[in-house]
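A.B. asks: Take a look and give me a structure for this.
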Amino acid sequence: MNKRSLLRLSTGMLVLASLGLTAGASAQQWPERDVTIVTPLSPGTSPDVAARILAEGLSKRWKRPVIVENRPGASTMIGTKAFIDRGDRHTLLFTPHATFTVVPLLYANVPYDPLKDVSPISLAVEDFLGIVAAPGLPAGSLPEFIELARGKPGKLNFFAVPGAPHLAYLALQKRTGIETTFVAYANPGAAVSDIAEGRIHVAVLPLAMVLGQVRAGKLKLLAVTNTQRAPAAPTAPTVVEAGQPAMAFGGLLGMFGTKDMPLALRERIAADIAAVLAEPGTVRRLQEAGLVARGTTPAEFAATLDLQLAKWSAVAREHSITPQ
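C.D. replies: Numbering: from 1, shown residues only. Presented below is the predicted three-dimensional model:
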């Protein structure tokens, strides 16, 4: 290699090193102003509860206000599109993984590219989801509900929150041969009161939303969808224990950044999220809401998203569920 080539190589390496140092320095200086966390679901839902717990802890670490902004509607698509359109590195998105792995399997006109328009930062929380039934429904377990529904084709109705819960329930129907009617809600919270009043027969909802009603005897908790029993409801069986292992899934909630957010900054935010999630007070508050801390690096979160996309794509293909 001649001197000119060596000079070019050395200059290039210095430029790359300079860029790396600049990115690292920029990550350490962030945030330079208030931070907003957009969650595309309503107040009181699991993403909202978890986002507010995280926002409180992150605000202390960053010494800046961290504001949670609810932008619900259209199966998380409205809030997600609003976040993407904003294109601001001081605005983060906290949403279920299903926004990018399941919603595109259910809807034909998703207004964003799930692979290109955001950058994964950290899987933060695992949500426990419950299959709940109206108190007057003559079924006290998931097998009893399936048997009841088989004898009343088209007579019972259901609601499931958007994403994986909805797709998992549709697959359960196909697998067990039951036929129930979907009732749509813009605000999942409205479904809880309707189930308690008997206007809805069964629903798949975040445990955080229904725990109070279950403990008060106003709803029946037939099972949780996770592979392990929920610490907040230890007597409720899992769907595996209830004979439906193919329905097992967890509600994974994570933080995303803009599509051009540097890796150094995403790693810095992920580390801060992990630190907040490790605090005993945070762990306790999450558990009381039916949630479990699950902090990861950006690379680990990206791998999780790939696995979830493969899993739910296979479910959709197996049961001939196509975007509508």
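
A.B. asks: Measure how buried the residue nearest to residue 157 when sequence neighbours are not counted is and give me the count.
C.D. replies: Take residue 157 and drop its neighbours on the chain: the residue closest to it by Cβ to Cβ, 6 or more residues apart in numbering is residue 181, 4.4 Å away. Backbone N, C-alpha and C define where each C-beta goes, glycine included. By the criterion of other Cβ atoms under 10 Å, residue 181 has 10 neighbours.

A.B. asks: close enough to count as contact, residue 181 and residue 152?
C.D. replies: No - counting by Cβ atoms under 8 Å, residue 181 stays clear of residue 152, with 11.0 Å between them.

A.B. asks: circling back: what residues does the residue nearest to residue 157 make contact with?
C.D. replies: 154, 156-158 (Cβ atoms under 8 Å, 6 or more residues apart in numbering).

A.B. asks: Rebuild these as TSV, extending it with pLDDT.
C.D. replies: Listed next are the contacts of residue 181 as TSV, based on pLDDT from 0 to 100:
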residue	pLDDT
154	95
156	97
157	97
158	97
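
A.B. asks: which of those residues tops the neighbour count?
C.D. replies: The most crowded member of the contacts of residue 181, judged by other Cβ under 10 Å, is residue 158 (25 neighbours).

A.B. asks: Where does residue 68 sit: helix, strand or coil?
C.D. replies: strand (DSSP: H, G, I helix; E, B strand; the rest coil).

A.B. asks: For the residue nearest to residue 157, grab phi and psi.
C.D. replies: Main-chain torsions, residue 181, degrees, to the nearest 10: phi -100, psi 130.

A.B. asks: Next, the angle from the host helix or strand of residue 54 to strand 66-70.
C.D. replies: For residue 54, the host element (DSSP states H and E) is helix 46-62. Interaxial angle, helix 46-62 versus strand 66-70 (axes from the mean of the first three to the mean of the last three Cα atoms, to 10 degrees): 160 degrees.

A.B. asks: Helix 46-62 - what's its average pLDDT?
C.D. replies: Averaging pLDDT along helix 46-62 gives 96.

A.B. asks: Then stretch 256-270?
C.D. replies: Taken as a whole, stretch 256-270 has an average pLDDT of 97.

A.B. asks: What of stretch 293-311?
C.D. replies: Stretch 293-311 comes out at a mean pLDDT of 95.

A.B. asks: Not counting its neighbours along the chain, what's nearest residue 67?
C.D. replies: residue 36 (5.0 Å).

A.B. asks: who does the helix or strand hosting that neighbour touch, helix- and strand-wise?
C.D. replies: Residue 36 belongs to strand 35-39 when assigned by DSSP H and E. On a contact count with 3 or more Cβ pairs under 8 Å, 6 or more residues apart in numbering; DSSP states H and E, strand 35-39 meets helix 46-62, strand 66-70, helix 77-86, strand 91-96.
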